[in-house]
Structures are given as C-alpha cells and as structure tokens.
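J.: Whatever this is, show me its structure:
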Amino acid sequence: MAEFKTLDDKTLISGQISTADVEEARRHGVTMIINNRPDDEDPGQPTSAEIEAAAEAAGIDYRHIPIARGMGPAEVEEMCSALSERGDGKLLAYCRSGMRSTLAWAVACREQGVPREDVEAKAARAGFSLAAVDHLL
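T.: Reported below is the predicted structural model:
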C-alpha cells in the first residue's frame, strides 16, 4: 500500500501506487490522480494505462505528466493546469518516491503565485527538499 503524504489541504503526494491504491485514494477525497512517472521506468511498475483504467473505474480524473530527465516548461504548464482544474476534491500526484511530484507541485504553485516560503515549508513537512528546483522557485 502506498503512503500518501499531505502537501496542502488539496494535494497528496506518493511514491508508486498500485491499482488497489486508487480506491484508497478515492476514500481520501482524491478526485484527480497525476502520474509523473514514464512507463517502463522500472521493471514491473504498473503502466499509465492500468492506473488510468483503475482511476476511471473509481470516478477519478487522471493525467499522465511524465518527468524523465528534468522538468521543462511543458510539464510545469500541465501541472499548473491540473492544480487549477482539480476542483473541490484532492489531487494525488505520484512518481517513484514522491520527489519529482513534489518538485513539480512546488514549481506549479510558485507559477500560480503561492509564496516561496509556504511552498518550501509544506514540502519540508512532507519530508522533501526543493533544492533541485531552487532556481525555478
């Protein structure tokens, strides 16, 4: 079972999830799942299509925003869009460990005007450093 960590009142972060975790996410109020992992990054990881099908069956919106070798403007724009469109429910973003998803969330939040100190404090409370994207904050 994946461990969901809270970044803010509408955002959860996680390492790799399974199709079984999708129902648990729904019970946590998740209405959108974002997969930040490219398919085939690790042997045996669930594919994007498998998680998307489980999300659809649970009535959860799904986005695949893979981040493989750093985050570019397109990934930031897609994360900003997802944060804006999540509605009243919660968003769960995941990758291998939760780090890439946290970094993408942080940069998207800053793009939307969230104060840097707030973003850094929330990431730190969840156990993540934003040092890798310091130049983008």
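
J.: contacting residues around the nearest residue to residue 66 once chain neighbours are set aside?
T.: Nearest non-adjacent residue to residue 66, counting by C-beta to C-beta, 6 or more residues apart in numbering: residue 38, 4.0 Å away. For every residue, glycine as well, the C-beta is placed using N, CA and C. The contact partners of residue 38, taken as C-beta atoms under 8 Å, 6 or more residues apart in numbering, are 66-68.

J.: Please apply the same query to residue 120.
T.: Residue 120 neighbours (C-beta under 8 Å, 6+ apart): 106, 130, 137.

J.: my read: residue 95 touches residue 36, true?
T.: Yes - using C-beta atoms under 8 Å, residue 95 is in contact with residue 36, at 4.1 Å.

J.: so how far is residue 43 from the spatially most central residue of the chain?
T.: In the chain, the residue lying closest to the centroid (C-alpha atoms, centre = their mean) is residue 93, at 1.8 Å. Counting by C-beta to C-beta, to the nearest Å, the separation of residue 93 from residue 43 is 23 Å.

J.: Who are the packing partners of the helix or strand bottoming out on mean pLDDT in the chain?
T.: Ranked by mean pLDDT, DSSP states H and E, the weakest helix or strand in the chain is helix 73-85, scoring a mean of 92. With contacts taken as 3 or more C-beta pairs under 8 Å, 6 or more residues apart in numbering; DSSP states H and E, helix 73-85 sits against strand 30-35, strand 61-64, strand 90-94, helix 99-111.

J.: one more time with 7 Å, if that's ok
T.: helix 99-111 (3 or more C-beta pairs under 7 Å, 6 or more residues apart in numbering; DSSP states H and E).
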